[in-house]
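1. Generate a structure from the sequence data that follows.
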Amino acid sequence: MSILITGARGHIARSLIQQCLAAGTPVRAAGRNPDAARLPAGVRAVRCDLADPATFRAALEGITKIFLYAEPRGLDAFATSAAAAGVEHVVLLSALSADPGSADEISRMHGAAERAVAGSGLAWTFLRPGGFATNCLQWAPSVRAEGVVLDPFPDLRSAPVHEADIASVALRALTEPGHEGARYVLTGPEAISRRRQAELIGQAVRRPVRVAVQDLEEYRAELIAWTSPEVAEAVIRESAASADRPALLTDTVEKVTGEPARTFGQWARDHAPDFT
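-> Okay, here's the model as predicted:
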């Protein structure tokens with residue numbers, strides 16, 4: 001068995017690569033610019049751009065399992081090529097709200113990705129995380145410079161999931177039988193506000209971190225700097241809509257891996273160097 005891990009520069013992919021190596025599982029890393037991925041020694045990197053079918057053959061040669069990031073461009077063609085190349089199983093990183101018919105950009109993109117993989121004839125497992133703990137890395141510059149977290153929704157409660165837990169579930173799905181056809185909803189183990197997340201980051205870096213309510217237009221501009229305006233609006237709408245509803249909590253990580261999901265405090269300690 002050999003596993004192809006796409007999105008090699010992503011936090012989840014990097015954690016999965018490390019876990020595969022620790023388990024002795026052969027792995028190949030793929031991305032649009034694999035040379036920039038800073039991979040561990042011994043991991044082969046290949047270029048694979050879902051918008052460029054010419055890159056598929058070399059990436060898929062000898063591969064039996066794939067960890068796949070949802071990508072709106074070219075995923076249908078890639079899934080078809082994977083099936084033709086003899087791939088047996090795809091674990092897709094989707095989203096909690098995945099729905100191809102949704103008016104929400106993020107939900108629609110992930111729903112379309114699930115539909116493309118399911119329609120390819122490949123065995124599949126869909127990972128549907130809620131909020132990523134790594135989204136809090138957007139606070140790192142202001143925490144380093146001023147010890148402050150800027151956020152327009154500081155009292156919003158969520159259950160962000162550690163990237164290592166997503167990777168652990170992916171590893172089980174890729175290397176054990178019985179996960180085909182599963183849709184795993186993944187969250188962290190606790191619902192906490194963004195104010196509390198800032199406090200826990202402060203504890204991890206051993207200095208106070210305060211919260212300041214951010215102007216919504218400034219927040220929108222920051223989002224648009226790293227994603228599309230449509231996705232930025234979807235993020236804002238979802239945050240506003242979540243303010244008055246309880247955060248979803250699941251024990252899926254523990255059920256699949258046998259280990260409790262990591263807390264946000266653990267995530268903050270793991271990422272303390274990013275905030276200092």
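
2. Give the helix, strand or coil label for G121.
-> Secondary structure, DSSP: H, G, I helix; E, B strand; the rest coil: G121 is coil.

3. got it, and the one 3 residues further on?
-> Put simply, W124 is strand when judged by three-state DSSP.

4. Count residues in the vicinity of it, would you?
-> 24 (other Cβ atoms under 10 Å). Placement of C-beta: from N, CA and C, glycine included.

5. repeat for R157
-> The number of residues packed near R157 is 18, by other Cβ under 10 Å.

6. cool, and P34?
-> Residues lying near P34 (other Cβ under 10 Å) number 19.

7. and the gap between it and T276?
-> For P34, the distance to T276 equals 29 Å [Cβ to Cβ, to the nearest Å].

8. Check L171 too.
-> Note on L171: its distance to T276, by Cβ to Cβ, is 30 Å.

9. neighbour count winner among those two?
-> A count of neighbours by other Cβ under 10 Å puts L171 above the other of L171 and T276, at 22 against 12.

10. Show me what the helix or strand hosting that one packs onto, helices and strands only.
-> Element membership for L171, per DSSP states H and E: helix 163-175. When contacts are defined as 3 or more Cβ pairs under 8 Å, 6 or more residues apart in numbering; DSSP states H and E, helix 163-175 sits against helix 11-23, strand 65-69, strand 89-93, strand 123-129, strand 183-186, helix 252-257.

11. tally of neighbours for G74?
-> Neighbours of G74 under the rule other Cβ under 10 Å: 17.

12. Equivalent analysis for T80, please.
-> Neighbour count for T80, taken as other Cβ under 10 Å: 17.

13. who's in contact with it?
-> Neighbour list for T80: S120 [criterion: Cβ atoms under 8 Å, 6 or more residues apart in numbering].

14. Can you give me the distance of it to P154?
-> Applying Cβ to Cβ to T80 and P154 gives a distance of 45 Å.

15. Also A113?
-> 32 Å.

16. check contacts around the closest residue to A204 other than its chain neighbours.
-> Among residues not flanking A204 along the chain, A268 sits closest, at 3.9 Å (Cβ to Cβ, 6 or more residues apart in numbering). Residues near A268 by Cβ under 8 Å, 6+ apart: 197, 200-201, 203-204, 275.

17. swap in Q203?
-> Residues in contact with Q203, defined by Cβ under 8 Å, 6+ apart, are 265, 268.

18. Are we agreed that it is in a helix?
-> Yes: applying three-state DSSP, one finds Q203 inside a helix.

19. Look at A113 and P154 and report which has more neighbours.
-> Ranked by neighbour count (other Cβ under 10 Å), A113 and P154 place A113 first, with 25 against 17.

20. Now do the strands in the stretch 101-250 of the chain.
-> Ranges of strands within the stretch 101-250 of the chain are 123-129, 148-151, 157-158, 183-186, 192-193, 210-213, based on DSSP state E, counting those that start in this stretch.

21. thinking again about what came up before, and the residue nearest to A204, that's in a strand?
-> No: counting by three-state DSSP, A268 is located in no strand; its state is helix.

22. And it, how far from Q203?
-> Counting by Cβ to Cβ, the gap from A268 to Q203 is 7 Å.

23. would CSV of the helices and strands packed on helix 163-175 with mean pLDDT be doable?
-> Putting the helices and strands packed on helix 163-175 into CSV (pLDDT from 0 to 100) gives the following:
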stretch, mean pLDDT
helix 11-23, 95
strand 65-69, 97
strand 89-93, 97
strand 123-129, 97
strand 183-186, 98
helix 252-257, 98
